[in-house]
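Asker: Quick one: sequence and predicted model below, then my questions.
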Amino acid sequence: MSELIIILISAILVNNFVLVQFLGLCPFMGSSNKIETAIGMSAATTFVLTLASMVSYLVYQYLLVPLDITWLRTIAFIVVIAALVNFTEILMLKTSPLLHKVLGIFLPLITTNCAVLGVALLNINAGNSFVESAFYGFGAALGFSLVLVLFAALREKLNLADVPAPFQGPSIAMITAALMSLAFMGFTGLV
Amino acid sequence: MVPLMAPLIALLLIAIFFGVVLGFAAEKFKVTSSPLIEKINALLPQTQCAQCGYPGCKPYAEAISEGEAINLCPPGGEGTIIELANLLDMEPVKLNNQHRPEQESEEGPKVAVIREEECIGCTFCIQACPVDAILGGPQQMHSVIASECTGCELCVAPCPVDCIDMIALSQEPPKKLPEKSLSEQACIRCGLCVDVCPVDLLPQQLFWYSQGKAYEKAKQHRLMDCIECGLCHAVCPSHIPLVQYYQAAKSAIHEQTAKHQQAQKVRQRFEFREQRLAREAALAEKRRQARAELAQTKSRQSDLIQAALARAKNKQASTQDIQDGG
């Protein structure tokens, strides 16, 4: 049990996918203008990431390994992730069309979110079991969500602040992200 | 050949499995109606003027939900663009006044006024008005109900004698954000204004929201409860005229709500007119059908008469033949 908690904490804080490993930066910058949007994006990514790490583990262990075609894992995982993203999109269109419209291209782009594929591949590399994979994926998703919502909150404040002209817009957002990344580096050595 | 079979089969299996799952999901979670269009429509000014290139506000709302630009609505102006951008999380863009480029966008609301002595009573403008705001009958003078006119100018073009003028409504100009004076410094977050506020507001937060035009947020922080006493301004070490910012924000909020109420009212009138037109069209169709039926029975009757006449004629001819032959 403590093993799983360590996996969770290390995925959320110590090895945060966005701010420490720099994966999944496009939705981090792209859908962080409003907190509501960021929460929606986090929920969608959490759903996809957790399920994807579980399903890709199953596909790898029970399909690719027996057939001895593990070199096919990247393509197989992409297929899994794409299907899950599609499923999420259908669900979201039904439950919250506004969020679907607001997220726009960033929703299908979860497919190519490097964090999602990264987690699936890292799970294989680390030789995690099924439960460990699930926790690792869930932790990575929680870390992503945490950082995205924090960043969105900061950007909402930034929109109102007196930013010097050369720094307005994306540049101040980049600087903010860099400072956040610095702060998260401080978690190194926690686990 | 053989080494390629396994991967092919594996990928095919995965693809088929997910294809089936997705197919089921698409069926189960089918979208029937979209509340998004209603939300967009509620933000549009409902003038039904078609200046966006769509036949009305609802069609434009549908087009926006499909990805049309949000800056095509001249009557809504900048305010509508900002609200739409907020709803859809987009960057506000400049107004695109494509269908009447010569007109200035920031002129304020207008109403149509008919020069009644020149009106010839042709009823063309009555038919053109999308909200039924013109009164009058054939051969009789028309006049516009000013409080219901949306200023869409759709009645101007059909008038054969050009007796309709668009007249700007005189309005109290909304309070603008104050000009930065030399004595005004940046906010240093000292919090003195918070201590002094008699109605326990957060003047510094309200200042940020008013300055950044985040009116929803300002309302959530109870901007409307501000009594404009001016104490926050008095204690501010940076000499920020805080109350002026609040006044500007409040007047913008009032303007916004008034606009929404007007839009609501106009939409009701427009929908009522649509209903009336549909009802009239249905009635006309019914009458037409009745007439057609009547004509059919009549023609059937006349057919019968014709046939009888022909028979009589034949009979006559044949008796004549017999008589001739005899």
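Answerer: Thanks, I have it. Residues are numbered from 1 along each chain as shown, chains lettered A, B, ... in the order given.

Asker: ok, now how distant is residue B:190 from residue A:27?
Answerer: 38 Å (Cβ to Cβ, to the nearest Å). For glycine as for every other residue, the C-beta is placed from the backbone atoms N, C-alpha and C.

Asker: ok, the two, which is more surrounded?
Answerer: Using other Cβ atoms under 10 Å in any protein chain shown as the criterion, residue B:190 and residue A:27 rank with residue A:27 on top: 23 against 13.

Asker: Roughly how far does the closest residue to residue B:245 other than its chain neighbours sit from residue A:187?
Answerer: Of all residues not flanking residue B:245 in the chain, residue B:210 sits nearest, at 4.2 Å (Cβ to Cβ, 6 or more residues apart in numbering or on different chains). Per Cβ to Cβ, residue B:210 is found 38 Å from residue A:187.

Asker: who has more neighbours, the two?
Answerer: residue B:210 (27 against 17).

Asker: can you list the domains in chain B?
Answerer: B:34-104, B:108-171, B:172-326 (automatic domain parsing).

Asker: Is there a neighbour count for residue 169? I'd like the number.
Answerer: Picked chain A for this. 13.

Asker: My question was about chain B, not that one.
Answerer: 11.

Asker: So what's the residue count around the nearest residue to it once chain neighbours are set aside?
Answerer: Among residues not flanking residue B:169 along the chain, residue B:109 sits closest, at 5.0 Å (Cβ to Cβ, 6+ apart). Counted with other Cβ under 10 Å, the neighbours of residue B:109 add up to 16.

Asker: residues in contact with residue 156?
Answerer: In the absence of a named chain, chain A is used. A:33-35 (Cβ atoms under 8 Å, 6 or more residues apart in numbering or on different chains).

Asker: actually chain B
Answerer: B:112, B:164, B:166.

Asker: gap between it and residue A:1?
Answerer: In terms of Cβ to Cβ, residue B:156 sits 77 Å off from residue A:1.

Asker: Can you get me a residue count around whichever residue of the stretch 201-326 of chain B sits closest to chain A?
Answerer: For the stretch 201-326 of chain B and chain A, the shortest gap (Cβ to the nearest Cβ) falls at residue B:212, measuring 3.5 Å. Close neighbours of residue B:212, defined as other Cβ under 10 Å, add up to 18.

Asker: Wait, it touches residue A:160, no?
Answerer: Yes. Taking contacts as Cβ atoms under 8 Å, residue B:212 lies within contact range of residue A:160: 3.5 Å.

Asker: and the spatially closest residue to residue B:116 that is not a sequence neighbour, helix, strand or coil?
Answerer: Excluding the flanking residues, the one nearest residue B:116 by Cβ to Cβ, 6+ apart is residue B:141, at 5.0 Å. Three-state assignment for residue B:141 (DSSP: H, G, I helix; E, B strand; the rest coil): coil.

Asker: Now do the contacts for residue B:141.
Answerer: B:114, B:116, B:119, B:121.

Asker: interface residues of chain A facing chain B?
Answerer: Counting by Cβ under 8 Å from any Cβ of the partner chain, the residues of chain A close to chain B are A:33-34, A:37, A:59, A:63-64, A:67-69, A:72, A:75-76, A:79-80, A:83, A:86-87, A:90-91, A:93-94, A:97-98, A:101-102, A:157, A:159-162.

Asker: Which of the helices and strands in chain A ranks last by mean pLDDT?
Answerer: The weakest-scoring helix or strand in chain A, judged by mean pLDDT, DSSP states H and E, is helix A:97-103 (a mean of 80).

Asker: list the helices and strands the helix or strand just after that one packs on?
Answerer: Downstream of helix A:97-103, the first helix or strand assigned by DSSP states H and E is helix A:114-126. Counting contacts by 3 or more Cβ pairs under 8 Å, 6 or more residues apart in numbering or on different chains; DSSP states H and E, helix A:114-126 is packed against helix A:35-59, helix A:73-95, helix A:130-160.

Asker: contacts for helix A:114-126?
Answerer: A:17-18, A:21, A:23-24, A:45, A:48-49, A:52-53, A:56-57, A:60, A:73-74, A:77-78, A:80-81, A:110, A:132-133, A:136-137, A:140, A:144.

Asker: ditto for stretch A:57-75
Answerer: A:56, A:76-77, A:80, A:117, A:120-121, A:123-124, A:128, A:130, A:133-134, B:6-7, B:9-11, B:13-14.
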